[in-house]
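# here is a sequence together with a model predicted from it:
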Amino acid sequence: MFYISYKVKSTYEKIQLIAFAAGSKQQFTGSGHHQKGDSRKAIHEHPRYREVVEVLKSNPAVFHGEYLCYVMQSAEGESVLSVKGYYENGQKVGLWEEYGSKGHYKNGRKVGEWRYVDAERRLCQIYDHTKRKFVLKTEQKQYFYNAKWADGSAAESPTFIGGNYYYTSTCARYWSFTKEAIDAEVQGAVVARLRLDKEGKVIGYEIVKTPGYGLENCYKDVFEKVLKTDAYFDSPRMNGKPQACSVEIDLNFYVK
């Protein structure tokens, strides 16, 4: 399990306010081939993060060039550069750094060896996304539990590729509270069961438990933005053969 928390000073609007450090000089260069004249810079504001991106002049919905993402760390608006990389015609390419972890994309998919770190920036996994196997995997307490095979029998929990910190950082980027939850200073957990195919990709989910206040919809937002595209586990295996299974995850939080 992991915790997502806010300290609320006064109003809901205060929670949604994001203030970013001005004059950041951090630079990151990807390996693309577009012409500068094809793109322009754009800034996209979101409740918990801010994207500074290059987009096609002919179609501003398509990212094309450098990408920087600043994620809010507190209700006071403190933020840090958390994701940086490069897009080419809407596809991630070249070297990327995501929450301290590093690796390459090709045509929007992770390729080769990615080096994943924990919250202390210590190496916790090396995973070869081309060969689909671990090169290094340190022992970590799993946030995922109660794994089951399709027939309902108990299964060994598969490992999330990227580790706990990569998962929680990605989810926290997209998570947001409802006004009702903030006003009620609610605390509790949304418990979800994730369905995995035999390759370890998350293909669906169901909400098992929720304290209400519309927070189940917040989890749905996270699922749509993160789990369907980026969430993979190592292939669940029964007697050495890949099998579909499901696991549970708690999203614990408190607002005060």
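Done, it's in.
# could you list the low-pLDDT ranges of the stretch 101-250 of the chain?
140, 227-230 (pLDDT under 70).
# center of this structure - which residue?
Nearest residue to the geometric centre of the chain (Cα atoms, centre = their mean): residue 170, 2.1 Å.
# correct me, but residue 160 touches residue 167?
Yes: taking contacts as Cβ atoms under 8 Å, residue 160 lies within contact range of residue 167: 5.3 Å. All C-beta spots, glycine's among them, are computed from the backbone N, C-alpha and C.
# okay, and the common contacts of those two?
143, 231 (Cβ atoms under 8 Å, 6 or more residues apart in numbering).
# thinking again about what came up before, Three-state assignment for the residue nearest to the centre of the chain, please.
The local conformation at residue 170, judged by DSSP: H, G, I helix; E, B strand; the rest coil, is helix.
# repeat for residue 249
Applying three-state DSSP: residue 249 is strand.
# which ones are touching residue 40?
Applying Cβ under 8 Å, 6+ apart, the residues near residue 40 are 54, 55, 57, 60.
# make it 7 Å
54, 55, 57 (Cβ atoms under 7 Å, 6 or more residues apart in numbering).
# same thing with residue 203?
195, 196, 197.
# what about those residues, which are in strands?
195, 196 (DSSP state E).
# nearest to residue 141, of the contacts of residue 203?
Closest approach to residue 141 among the contacts of residue 203 (Cβ to Cβ): residue 196, at 19.6 Å.
# I'd say the closest one and residue 235 touch.
No: contact criterion Cβ atoms under 7 Å: residue 196 and residue 235 do not qualify, at 8.8 Å.
# more neighbours: which of those two?
Higher neighbour count among residue 196 and residue 235: residue 196, with 24 against 18, using other Cβ atoms under 10 Å.
# give me the beta-bridge partners of the more buried one?
residue 202, residue 245 (DSSP bridges).
# what's the burial count for residue 60?
By the criterion of other Cβ under 10 Å, residue 60 has 13 neighbours.
# and residue 164, by the same measure?
Counted with other Cβ under 10 Å, the neighbours of residue 164 add up to 19.
# touching the helix or strand in which it is found from outside, list them.
Here residue 164, judged by DSSP states H and E, is contained in helix 163-174. Under the criterion Cβ under 7 Å, 6+ apart, residues 2, 4, 48-49, 71, 82, 99, 101, 116-119, 124-125, 140, 143, 160, 221-222, 225-226, 230 lie in contact with helix 163-174.
# swap in 6 Å and give it another go.
2, 4, 49, 71, 99, 101, 116, 118-119, 124-125, 140, 143, 160, 222, 225-226 (Cβ atoms under 6 Å, 6 or more residues apart in numbering).
# next SSE downstream of it?
Defined by DSSP H and E, the subsequent element after helix 163-174 is helix 179-183.
# in that following helix, what's buried?
Buried residues in helix 179-183, defined by neighbour count with 16 or more other Cβ atoms under 10 Å: 181, 182.
# ok, residue 104 - contacts?
Here residue 104 is in contact with 95, 111, 112 (Cβ under 6 Å, 6+ apart).
# how about CSV for those, with distance to residue 250 and secondary structure added?
What follows is the contacts of residue 104, written out as CSV (distance: Cβ to Cβ, whole Å; DSSP: H, G, I helix; E, B strand; the rest coil):
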residue, distance to residue 250, secondary structure
95, 34, strand
111, 32, strand
112, 33, strand
